[in-house]
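In: generate coordinates for the sequence data below:
(chains A, B, C, D, E and F)
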6 protein chains.
Amino acid sequence: MAGHGYEGGRLDLPFVGISTFGKRPYVGDWSAIGAEVAILGAPFDSGTQFRPGARFGPRGVREASTLFSFGHAGAYDHEDDVTYLPGWVRIVDIGDADIVHTDTIKSHANIETGVRAILDAGALPVVIGGDHSINIPCIEAFEGRGDIHILQIDAHLDFVDERHGVTRGHGNPMRRAAEKPYVTGLTQVGIRNVSSTAKEGYDAAHAMGSDILSVRQARNLGPQAVIDRIPRGARVYVTVDIDGFCPSIAPGTGTPSHGGFLYYEVLEMMQALARRHEVVGIDLVEVAPDYDPTGSTAILAAQLLLNTLGFIFHARGFS
Amino acid sequence: MAGHGYEGGRLDLPFVGISTFGKRPYVGDWSAIGAEVAILGAPFDSGTQFRPGARFGPRGVREASTLFSFGHAGAYDHEDDVTYLPGWVRIVDIGDADIVHTDTIKSHANIETGVRAILDAGALPVVIGGDHSINIPCIEAFEGRGDIHILQIDAHLDFVDERHGVTRGHGNPMRRAAEKPYVTGLTQVGIRNVSSTAKEGYDAAHAMGSDILSVRQARNLGPQAVIDRIPRGARVYVTVDIDGFCPSIAPGTGTPSHGGFLYYEVLEMMQALARRHEVVGIDLVEVAPDYDPTGSTAILAAQLLLNTLGFIFHARGFS
Amino acid sequence: MAGHGYEGGRLDLPFVGISTFGKRPYVGDWSAIGAEVAILGAPFDSGTQFRPGARFGPRGVREASTLFSFGHAGAYDHEDDVTYLPGWVRIVDIGDADIVHTDTIKSHANIETGVRAILDAGALPVVIGGDHSINIPCIEAFEGRGDIHILQIDAHLDFVDERHGVTRGHGNPMRRAAEKPYVTGLTQVGIRNVSSTAKEGYDAAHAMGSDILSVRQARNLGPQAVIDRIPRGARVYVTVDIDGFCPSIAPGTGTPSHGGFLYYEVLEMMQALARRHEVVGIDLVEVAPDYDPTGSTAILAAQLLLNTLGFIFHARGFS
Amino acid sequence: MAGHGYEGGRLDLPFVGISTFGKRPYVGDWSAIGAEVAILGAPFDSGTQFRPGARFGPRGVREASTLFSFGHAGAYDHEDDVTYLPGWVRIVDIGDADIVHTDTIKSHANIETGVRAILDAGALPVVIGGDHSINIPCIEAFEGRGDIHILQIDAHLDFVDERHGVTRGHGNPMRRAAEKPYVTGLTQVGIRNVSSTAKEGYDAAHAMGSDILSVRQARNLGPQAVIDRIPRGARVYVTVDIDGFCPSIAPGTGTPSHGGFLYYEVLEMMQALARRHEVVGIDLVEVAPDYDPTGSTAILAAQLLLNTLGFIFHARGFS
Amino acid sequence: MAGHGYEGGRLDLPFVGISTFGKRPYVGDWSAIGAEVAILGAPFDSGTQFRPGARFGPRGVREASTLFSFGHAGAYDHEDDVTYLPGWVRIVDIGDADIVHTDTIKSHANIETGVRAILDAGALPVVIGGDHSINIPCIEAFEGRGDIHILQIDAHLDFVDERHGVTRGHGNPMRRAAEKPYVTGLTQVGIRNVSSTAKEGYDAAHAMGSDILSVRQARNLGPQAVIDRIPRGARVYVTVDIDGFCPSIAPGTGTPSHGGFLYYEVLEMMQALARRHEVVGIDLVEVAPDYDPTGSTAILAAQLLLNTLGFIFHARGFS
Amino acid sequence: MAGHGYEGGRLDLPFVGISTFGKRPYVGDWSAIGAEVAILGAPFDSGTQFRPGARFGPRGVREASTLFSFGHAGAYDHEDDVTYLPGWVRIVDIGDADIVHTDTIKSHANIETGVRAILDAGALPVVIGGDHSINIPCIEAFEGRGDIHILQIDAHLDFVDERHGVTRGHGNPMRRAAEKPYVTGLTQVGIRNVSSTAKEGYDAAHAMGSDILSVRQARNLGPQAVIDRIPRGARVYVTVDIDGFCPSIAPGTGTPSHGGFLYYEVLEMMQALARRHEVVGIDLVEVAPDYDPTGSTAILAAQLLLNTLGFIFHARGFS
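Out: Numbering: from 1, shown residues only, chains lettered A, B, ... in the order given. Got it, this is the predicted structure:
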């Protein structure tokens, strides 16, 4: 049995130690990942159309995650009476993909390389952006690995095909994904307000099989019913744009949009999803920590990721 | 048909260009406004009783509004399946009223001059404060232009008659309005918590015909029922004090008050209002951007104004 | 009858004057308190496990409280049609307990001395932390003064017995309280997410008689039903950790946890409590103002305390 | 001999206790000041032409001053080998002048009343602004009390006569002072860069007897030589606009101007002044703490004031 | 004679009005510039290697420049006894070059187009970045317009040839410039500390004719002697990276480096340059306003640009 | 020869990757350090007397240090024409000492353990605080390892013996050091202004052999002459309190004091020291990053440490 480690060793308070994700081990050798989950940073933000700074998302989320890194053997949730993420769920942090300033293609390729390495190791990839364009190489890394369905939490549809030649900016990823033969559908939740996607983008999304729900629509349905709209049996890739949340809890982002989700609304979707579907990959993007001096946004990202991982591995029988 | 303009010309990302409201044209000549809507800044904040800084409200809201200035031909809303604010709703920014420090009377007079110019041009005045005292000259500009009813969204009643000689501070505007013969009534929504108005102010407001609703009362009624309390057929002037909203989304203001409205609660009131009443003028006040380093408050103001304008002109048949 | 004081004397706007709590008189002589309520600062934050800064909680809450210090004779609430805290509810500020850096025992002893002085004077102690460890001496000061029940509003259970020798940190207070023979029970509300308390702490709390409710559980019950779970007739001590609230309105704290209470949820618990129970003491802890540049957190603390005091003394017949 | 008080009583660390200036006693009764020095806050900032917020100057400087409030019996300076401000220099804080929003005349009158009360008590007035317009009532309070010379440390000449009717804004005080028959001259130091004073203001200042020095001119002369330009025997009133300092150490102000003084340059002027002249009054203005999240500006103001008071009373034989 | 405009019209305080540079007229038609000086924003920051945010440099500097926009007819400097920038020096703001996210080549081309338009109009181009990579298209716009010498104020040499394929990032501009046949030499001043340029970059710079001076070397020489090293008669293009300044006054930038210049050191170089050389173009880059909540960095940029323009046109006989 | 590594592998921009100090390898096994330099974090701040937050100093300085982590083989300094810190100077980051909240003794013991491990490995210990009290265990770790002289850069003397029982707070370290038989003397530089040390502390320091210099005294001497006062041949331990620097460049600290050193003044002392003495250990304390939103303070600390290490190993023949 794994003890919580308080009797011996270090107290290891949250503010102590190097900021890897959850203070989990750093694995610099991408050919020796050996874990159930691998965290990859993708600090690219040249795809943004308003405030930059998501390049510091990986560092910000890592540092915030230490708040949840008490030396327990797992995280006990009294509401569920479950200890999530027991010690035998191995989570490693493999650092960041290499970014080449002024070069979107190379930067995206390096991100894809990292995700492929994780998938090759049989681990669950959890990629921390960076702006939402980093979803493009993440999805490309899934080529040849079976069909996937995408669940997107976002304020914006991100379904622009091309504009002024731009095809890999943060307004394009869902369109790029929908084009892939192995992406069988998209569930796009939280979409609201004016954004870079014009009416024609919505029309295209519907035509390519998207199920689009606004915050109010999703709220009326409830988390379980939203998840129930995903085709049964689908292997699901989750992409969370932090601006899917309300700016009240996620102001530290590039293009905030009022009227977003509150914490439990998304958390309960994640829990429902984990119970019903295999989750094959996750990215969480658009955390720009320097726009939130309170730190709430990065804490939200870390809290959501750790709880979602708990749900996934509990559903897989790890707890 | 107006195209969205992406094929040619500029991409014009939100962070690019001079910060007029919505990046709409600046019209410096107030005798040649020629538009459906004219934006006027009223950067006066000497009427505040706690934190100043609303003088930077016009600049802050203008800059935030650029986030919603993608080059679309209008703003498509997928929930309503409407493209609001198509190109033929002409919106212009006429700059700011001249403010004379240490002189409330002159500053207010200059604001009144600006609003009169807009009304003379047959345009809808949208005034960005400044503190709530700037509502006083706004309402005075409506003298001789028919009866109006006032819908106020605010945490505070602002119904102080006079105290230590002060009659034109930010605690006085609704009292000043109620005194006008052409103001036929007030609907005051969101009022809560202790403020500069004492019990006698509430008594006076009721005596002068105000309908006062707290946030909890309005929430219980729902947006439509709140609007239904406005006398049918009334021409409505809307004054939004940003502190009517919850500090979670509007911390950048002088006198925050917890327990305020969330985004959709007010937005849906605006939509219900636009469907049922002629809106003859708008002011939005008390945005003090320097108290909100995340920018959420100014973004809220811009998002609310642009959507409200969309509702108004959709109701007028522009879309 | 007490007038509101506007006719003569000073206008006394919120930003004017020395920042005592509510601009009430400072009483430096702890043997001559002579009031119904005495405010004590307990600026100790060496018990924190993540972000420090709660040592500036007393100053921050005092300064924020001036926003609610208009010169009215009491605070009129139009929803209740009650003027709370009329002039004859004497509130004094007795300053801060002396803190000795690097020495938890001495600092706690000085806090206990202050609370004892207030209790000896027959006044209601209202202690502003500092981190949650300052609850330990507050409760110790109640020794020999009859049985009490504790109502805790908090994200964290704070029920760690001992770890690495630490027994008086901010993760320990509820365990320390539960050990006291005169503490007959605890109602712990708002508890959620991973924290320093592991599963064994929850088991111990239940074994020692705690009633533990998460935010979602309390929300489902409603404020009145939560309060109804407190044994009838109990004299109640209230401890509010500001992180019981949602980070959207209380980001300025050491260990934020998403998914917390909104304003009215807690306020209504306080109102229900005041109607049903004698409140014998209050502490409000973990406000770290420097982590919230908007000031919302300190304003929340001040607004909650002043309204709660209003409810308590209204229930006692003061209004 | 006064002990430093550490053996008994409180440790009284800087962050502990109510924020009066230097944690000195608060005297609310202006007819019973009984001290060598009286601190008065003048939180008026409606005279500003750019960023407001100096209304929080008194609170900010008071809070910062607690950093220098260790329980020593005086402040030992090892460079001078002097213990300044021994216990028998009585300093009291008399709170703030009452401010009436929207009314410059009344607000100024209230400030004048406060300064007169201090002078009537035979104490040295130290007034913390507020914007520089509060110097106007400060100087007016000296009417009938003998001739004074003014030493101004400032980036701006503040010598505007009248513009758009404004005569009591923060661009006017030195002109108002120069008009007084009992003001025998001005030494204006630190003046640089473009400001609200145009060439005609400089001409008027020279004509009315001002000695104007830029930062570079004063730096070339050295602190002693600058002070030596003040007529021998003059009783000197000192007005320090914090923007006389370099924005590197004083960014928290309304109209920052690069190229200002560094700390010792002004401190040494104050020391030279105190040795050579009777100082009859001091104001320090334009600290707007909310524009400096690091707190450096308010700390600078407090550090300068406390050291200057030390120099003055050392010269008077108190040490 | 041009009056200062205070008698009639508007007071036009700095915080009033649309934020064009210096509140000068906006000219949207780049074929009708008609001015002595044209300001162009180049809000591109994908070339940065650490903190982004320089895309908000143009907006930040424009807003800060309003502080120096009092309605005077020119800016009187009492040290020089000169009124700089009298009304007949026409300065216009032509807005921003269009930026295409993820596409460095297109963005740079659009910047070049803007500079060419200014040069074609016979006006002095003043380009506000953006990161230092925007200097590349600025210099390219000078092709075919005669020889130029470049004076660079910067912490970093920016002389990287190519790395991982990157040739147009913010570490490359001086190398790109040195390659141009019409760039006859570079004077690189302020260079210090470790940066992206390795030893081989310094060797290459020397080989290609650069004169490199550190801050300490330049300080020892004095401003005039630094300028005297520029070949007599050279037409000079000035590129100011704000990180050439000390972080004490310019913290709002992407790659701060301690030990930089103070204000007058650079100002006096600009004044000496204007007296001795024809200045044919200016860019000022790397202001990232969101990293400086005090606003000092943007104010520095605005103050430096306005004074430098004053020197240039005074030397040309405009004053 | 060590190449700079750009040809192959990663570009590794500063913002990419896990934040160890200088992105150097993390060595978690303190019995296998194997390096010339080992970095240890000591995130303890319960010894502070004003603003806390130095517990985030290690994380802040590590993150800032990545700015100087370009992939060069060493850091080329063009002023010295030296490439410092070539690849064969092995620097490792061994993480943080374990901190036990509320327990100063245990926390200090854990820090001492870490320093002893470094010394046992024959590496140079570089300890990042934390408040200045962490110097106490650092010095204690040197027991039995030969005599050392201490060079302190600081605003405050930190020579309090005992007060209210406190002997290990941040006002005590130099007194504790002076008591050690193996500490042969102290050179205390930068000492200024009022602080926790009273006159008797200065007397004691002089009596125990300290050489105390203020900023102005050190500035008059020059860096070399300051270092020349250290006894020739002494093995020197350097303790840098970041508040020895001017708040203009180091505002992010607990007890800022105006009038401090600028960058080169300290850097040149370090360079002179490294040339003349063996440096046996370094600590850098009191960086509280959350009080400096610009990041300048942490960048200063990182820049100073990396350059000082360069000087030390250059003097040892590594370059």
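
In: do the helix or strand containing A:E200 and chain B meet at all?
Out: Assessed by DSSP states H and E, A:E200 sits inside helix A:199-207. Yes - applying C-beta under 8 Å from any C-beta of the partner chain, one finds helix A:199-207 touching chain B at A:K199, A:Y202. For glycine as for every other residue, the C-beta is placed from the backbone atoms N, C-alpha and C.

In: what does that helix rub up against?
Out: With contacts defined as C-beta atoms under 8 Å, 6 or more residues apart in numbering or on different chains, helix A:199-207 is touched by A:157, A:159-161, A:174-175, A:178, A:186, A:188, A:212, B:76, B:78, B:83.

In: name the SS class of the closest residue to A:W30 other than its chain neighbours, please.
Out: Nearest residue to A:W30, sequence neighbours excluded (C-beta to C-beta, 6 or more residues apart in numbering or on different chains): A:A117, at 4.1 Å. Recorded secondary structure, A:A117: helix (DSSP: H, G, I helix; E, B strand; the rest coil).

In: do you know how far A:A117 is from chain E?
Out: 20 Å (C-beta to the nearest C-beta, to the nearest Å).

In: who touches that residue in this structure?
Out: By C-beta under 8 Å, 6+ apart, the contact list for A:A117 reads A:W30, A:S31, A:I33, A:I94.

In: please apply the same query to A:I227.
Out: A:M269, A:A272, A:L273, A:R276, A:H277.

In: in strands only, show me those residues.
Out: The strands in this structure, assigned by DSSP state E, contain none of the contacts of A:I227.

In: which one of the residues you listed sits closest to chain E?
Out: A:M269 (29.8 Å; C-beta to the nearest C-beta).

In: tally up the residues packed near the closest one, please.
Out: For A:M269, the neighbour count with other C-beta atoms under 10 Å in any protein chain shown is 25.

In: now chain A against chain D: closest residue?
Out: Per C-beta to the nearest C-beta, A:P293 is where chain A lies closest to chain D, at 8.1 Å.

In: check that residue and give its pLDDT.
Out: Note for A:P293: predicted pLDDT of 97.

In: so what's the residue count around it?
Out: Neighbour number of A:P293 under other C-beta under 10 Å is 21.

In: thought it was touching F:P293?
Out: Yes - the pair A:P293 / F:P293 is scored as a contact, 6.2 Å apart, by C-beta atoms under 8 Å.

In: rewinding a little: pull out the buried members of the contacts of A:A117.
Out: A:W30, A:I33, A:I94 (16 or more other C-beta atoms under 10 Å in any protein chain shown).

In: which of those fall within strands?
Out: Judged by DSSP E, the subset of the buried ones among the contacts of A:A117 located in strands is A:I94.

In: for the buried ones among the contacts of A:A117, which one is nearest chain B?
Out: Closest approach between these and chain B, by C-beta to the nearest C-beta: A:I94, at 31.0 Å.

In: was I right to think the closest one contacts A:G34?
Out: No - between A:I94 and A:G34 there is no contact under C-beta under 8 Å: 10.7 Å.

In: pretty sure A:A155 is in a strand, no?
Out: No - under three-state DSSP, A:A155 falls outside any strand and is assigned coil.

In: the closest residue to it other than its chain neighbours - how many residues pack around it?
Out: With sequence-adjacent residues excluded and distances taken as C-beta to C-beta, 6+ apart, A:A155 is closest to A:S257, at 3.8 Å. Applying other C-beta under 10 Å, we find 27 residues neighbouring A:S257.

In: name the SS class of A:S257, please.
Out: coil.

In: what of A:I139?
Out: Applying three-state DSSP: A:I139 is helix.

In: how about it, what does it touch?
Out: Taking C-beta under 8 Å, 6+ apart, one finds A:I148, A:I150, A:P173, A:R176, A:A177, A:K180, A:V183, A:Y237 in contact with A:I139.

In: where do the helices sit along the stretch 151-300 of chain A?
Out: Ranges of helices in the stretch 151-300 of chain A, per DSSP state H, counting those that start in this stretch, are A:173-179, A:199-207, A:215-221, A:223-228, A:263-276, A:296-315.

In: now A:F318: closest residue in space, sequence neighbours ignored.
Out: A:V89 (4.9 Å).

In: isn't the one you found right up against A:H314?
Out: No - in this structure A:V89 lies outside contact range of A:H314 using C-beta under 8 Å: 9.4 Å.

In: so where's the stretch 201-319 of chain A uncertain?
Out: Applying pLDDT under 70 to the stretch 201-319 of chain A picks out residues A:319.

In: leaving out sequence neighbours, find the closest residue to the residue of it found nearest chain E.
Out: Proximity to chain E, evaluated over the stretch 201-319 of chain A using C-beta to the nearest C-beta, is greatest for A:D290 at 6.7 Å. Closest residue to A:D290 apart from its sequence neighbours, by C-beta to C-beta, 6+ apart: A:G53 at 4.9 Å.
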